[in-house]
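S.K.: sharing a model that was predicted from the sequence below.
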Amino acid sequence: QKEVEQDPGPLSVPEGAIVSLNCTYSNSAFQYFMWYRQYSRKGPELLMYTYSSGNKEDGRFTAQVDKSSKYISLFIRDSQPSDSATYLCAMRDSGGSNYKLTFGKGTLLTVNP
Amino acid sequence: KAGVTQTPRYLIKTRGQQVTLSCSPISGHRSVSWYQQTPGQGLQFLFEYFSETQRNKGNFPGRFSGRQFSNSRSEMNVSTLELGDSALYLCASIRGTGRTEAFFGQGTRLTVV
C-alpha cells in the first residue's frame, strides 16, 4: 500500500463549479498537510499548508484534514480556467529534523470556459 | 523577494555521463531538499540538507549525491547516467526556523539519451 493515495483523474469541470480533490494516507505520523498546484512544465506552487486536523480557508480554496479517517481534501469554489493544472497533496510527520515530504501522484484538473 | 532558482532549466546527456544540477534557495532559508518527478512515480524524495549537513536520504542508489554550501546553495550530482534518470529534478527551499513551508523551484528537466 502506498503511503499517500490520490486519484489521478483527469477531472473536467465547467467554469464556476465547485471542485473537490482528495487524498488518503496510511502513515498516522503525518501531521503537516499541504496542497500544491503545478502547471505544465513548471514547479509546484504551494497553495495550502495545514497542521493536524481541521479546516483552513484562503480565498476560493478550502483545505480539510480528517486525521481520524486519514483523509484530506481541497475544495475550489467558483473554479476558473486558470485553475486548470495538476494538484498535488503532500504531507510530512512532525519530526523536528525531518522536512521530507511524501506526495500523492497528483490529480489533473481541467476547468472548461 | 527572489524565489528558488534552479540551473540549468534543461539538460540533455548521454548514458554513462555525469551531471551536476544547482539550486539557490530563497534568501534566509537554510534547508534544501531535492525531488525527482517522473510520470510513473510522481515526486520522490532524494535528500535534504540543512546547514551543510545531509539530514535525510531517500531510497535512491549511491549514484545520486548532493551537497550544500555555506551560503545554503545546493548541488546534486548524478553519475553514470541511465535512461531511467530522465526526469524533472525539483529543489525545495525551507526556512527551517519556525516556518517549515516548502517552496519549489521551476526544476531542471534532464533527458538521458
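M.R.: The structure has been received and is ready for your questions. Residues are numbered from 1 along each chain as shown, chains lettered A, B, ... in the order given.
S.K.: what parts of chain A come near chain B?
M.R.: When proximity is defined by C-beta under 8 Å from any C-beta of the partner chain, chain A lies next to chain B at A:32, A:34, A:36, A:41-46, A:49, A:88, A:90, A:97-106. Yep, even glycine has a C-beta here, placed from its N, CA and C like the rest.
S.K.: where does residue B:85 land on pLDDT?
M.R.: pLDDT for residue B:85: 98.
S.K.: once you drop chain neighbours, what's closest to it?
M.R.: Nearest in space to residue B:85, with sequence neighbours left out and distances taken as C-beta to C-beta, 6 or more residues apart in numbering or on different chains, is residue B:112 at 5.2 Å.
S.K.: beta partners of the one you found?
M.R.: Beta-bridge partners recorded for residue B:112 (DSSP bridges): residue B:13.
S.K.: same check on residue A:87?
M.R.: Here residue A:87 sits in beta bridges with residue A:37, residue A:107, going by DSSP bridges.
S.K.: touching, residue A:24 and residue A:67? I think so.
M.R.: No: counting by C-beta atoms under 8 Å, residue A:24 stays clear of residue A:67, with 11.6 Å between them.
S.K.: of those two, who's got more company?
M.R.: Using other C-beta atoms under 10 Å in any protein chain shown as the criterion, residue A:24 and residue A:67 rank with residue A:24 on top: 18 against 15.
S.K.: what sits opposite that one in the beta ladder?
M.R.: residue A:5, residue A:71.
S.K.: alpha carbons only: can I get the strand or helix carrying residue B:49 in PDB?
M.R.: According to DSSP states H and E, residue B:49 maps onto strand B:42-50. Provided in PDB are the C-alpha atoms of strand B:42-50 (Å, rounded to 0.1, in the frame of the first residue of the first chain):
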ATOM      1  CA  GLY B  42       5.400  11.200  -9.200                       C
ATOM      2  CA  LEU B  43       7.600  13.200  -6.900                       C
ATOM      3  CA  GLN B  44      10.000  11.100  -4.900                       C
ATOM      4  CA  PHE B  45      12.300  12.400  -2.200                       C
ATOM      5  CA  LEU B  46      16.100  12.300  -2.900                       C
ATOM      6  CA  PHE B  47      17.700  14.000   0.000                       C
ATOM      7  CA  GLU B  48      17.600  17.000   2.300                       C
ATOM      8  CA  TYR B  49      20.400  19.300   3.500                       C
ATOM      9  CA  PHE B  50      20.300  21.700   6.500                       C
END
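S.K.: which other helices and strands does whatever helix or strand comes next after that strand contact?
M.R.: Using DSSP H and E, the helix or strand that follows strand B:42-50 towards the C-terminus is strand B:53-57. Where contact means 3 or more C-beta pairs under 8 Å, 6 or more residues apart in numbering or on different chains; DSSP states H and E, strand B:53-57 is packed against strand B:42-50, strand B:64-68.
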